[in-house]
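J.: Here's my sequence, what's the structure:
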Amino acid sequence: MQTKTGARRVHAGWWAGAFLLVLALVGAVLYGTGSFGSGGGEGSLDRACDGSLAQGGLSEALRSSHLRADDEGDSDYLAACRVRGSQSGPQRSSLELKLRWSTAKAPSQELTWYNADYDGVREQAAPLGQGWSGVVRYAGGTYQVMAALDCVNQKNKALVAYGDLLGTANGSTVTGLGRVTTETARRTAEKHGCQVKAGKRLTGLSTARLGTPGTAKPLSQAQGSCAALRGTDAARGGTPEVMEYPADPDAPQTNCYLVTKAKKPGYGLYGYYGAAAKDFLASEGEQLKAGYGPTHADRDYAWATATCPRSAQRAVFVLYHLHDGDTDTYPVPHYSASFARDALRAFADHEAKQRGCTGVRPAA
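T.: Got it, this is the predicted structure:
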């Protein structure tokens, strides 16, 4: 009897252990696919980014309906989270969001991407359009949407959002990224009592970028962000063509490129407004004041500022003599300070007029 009882206990223990092992394996599979757990499923999406994550556009951005989210827990931001799809391997994508007030400490250069304005068209930014104050940018295989939404009921304050899409991208995924970033920014701002002017539901964002074949055109045909340069001596200065984006008075950043006959960008003109101007100066202001150009202390640039409505932060306008990092050369060999001043003034005056800014003045 004792032997049989002992055998039954051994078998019972074996089956209980096997059952627990199966449960553990099933749980691991479910957790890994986002079906449940602290970081998976709809519950994690509802809690992400302090409960303000906008879920419309997520499946479009990540090309998956099985998603999981994790909060980043970064004290430098009002909220930060990451959303992942269920795919594995090279097709797997993730979306990272960081949100902050414009009055907070300026973010790192790795997030704002303002430290390579002098390197060809690397710092280009396309306006989101459709009534949103935002841009879409690309660097190193990553698309980023940046939105800066002014608080209409709180002067000199804006909610700034950065959405990065890591992984393969196309027009559909970038549009999804834009929707998630802008709508999360709006929800976060309103949650904290910041009333914002929101745009329309984003549609049709493009992955097209300046610098690719066919994006340069004669200066005389400039109608967007380079329109102000039509009346300058740019052609005689070695840049008879332009690369431009559509003009958009809502965008926090504007850029125009003057291009050589060889289709190389020779000069880059940039305008920064509100929160973008503040972050740009935090990143590059000391370099501008110290006289550092693309490769050394050469002062191969010109810059100016202006007073704009709804912000105590002056707008910043910069012209850089562009350096080609691939060949370590300047497409325009000799920088002309007089041309730079004239071109920057034309660009800044035109931009200021479009946005109701006044008092354009060259920086010392």
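J.: can you list the weak-confidence ranges in this protein?
T.: The chain contains residues with pLDDT under 70 at 1-42, 87-91, 293-298, 364.
J.: and if we set it to 50?
T.: 1-39, 89 (pLDDT under 50).
J.: any idea where the strands of the protein begin and end?
T.: Using DSSP state E, the strands found in the chain span residues 68-71, 79-84, 94-101, 126-129, 132-139, 142-150, 158-166, 217-218, 241-244, 253-259, 265-272, 301-307, 315-321, 358-362.
J.: Surely residue 355 touches residue 249?
T.: Yes - checked against C-beta atoms under 8 Å, the pair residue 355 and residue 249 is within contact range at 5.2 Å. Where you see a C-beta, it was placed from the backbone N, CA and C, and this is true even at glycine.
J.: Which residue of the two possesses the greater neighbour count?
T.: Between residue 355 and residue 249, counted using other C-beta atoms under 10 Å, residue 355 has the larger neighbour count: 19 against 13.
J.: which residues touch residue 306?
T.: Counting by C-beta atoms under 8 Å, 6 or more residues apart in numbering, residue 306 touches 314, 315, 317, 348, 352, 357, 358, 359, 360, 361.
J.: For residue 341, which non-adjacent residue is closest in space?
T.: In this structure, residue 341 finds its nearest non-sequential neighbour in residue 302, 5.4 Å apart by C-beta to C-beta, 6 or more residues apart in numbering.
J.: That neighbour: what's it in contact with?
T.: With contacts taken as C-beta under 8 Å, 6+ apart, residue 302 has the following neighbours: 318, 319, 337, 340, 341, 344, 362.
J.: Which member of those is positioned nearest residue 98?
T.: Sorting those by how near they are to residue 98, with C-beta to C-beta, puts residue 318 at the top with 24.9 Å.
J.: That closest one against residue 277, yeah?
T.: No - under the criterion of C-beta under 8 Å, residue 318 is not in contact with residue 277, lying 10.4 Å apart.
J.: Highest mean neighbour count out of the strands of the chain?
T.: Mean neighbour count, computed with mean count of other C-beta atoms under 10 Å, is highest for strand 253-259 among these, reaching a mean of 28.
J.: How about residues contacting that strand?
T.: Under the criterion C-beta under 8 Å, 6+ apart, external residues in contact with strand 253-259 comprise 121, 123-125, 127, 135, 146, 210, 216, 219, 222, 225-226, 229, 234, 237, 239-245, 247-248, 265-273, 276, 322, 343, 347, 351.
J.: For the chain, just list every one of the helices.
T.: 2-32, 41-51, 58-62, 109-112, 171-191, 275-290, 337-355 (DSSP state H).
J.: Can you list the buried residues in the shortest one?
T.: Same thing as helix 109-112. By neighbour count, with 16 or more other C-beta atoms under 10 Å as the criterion, the buried positions of helix 109-112 are 111, 112.
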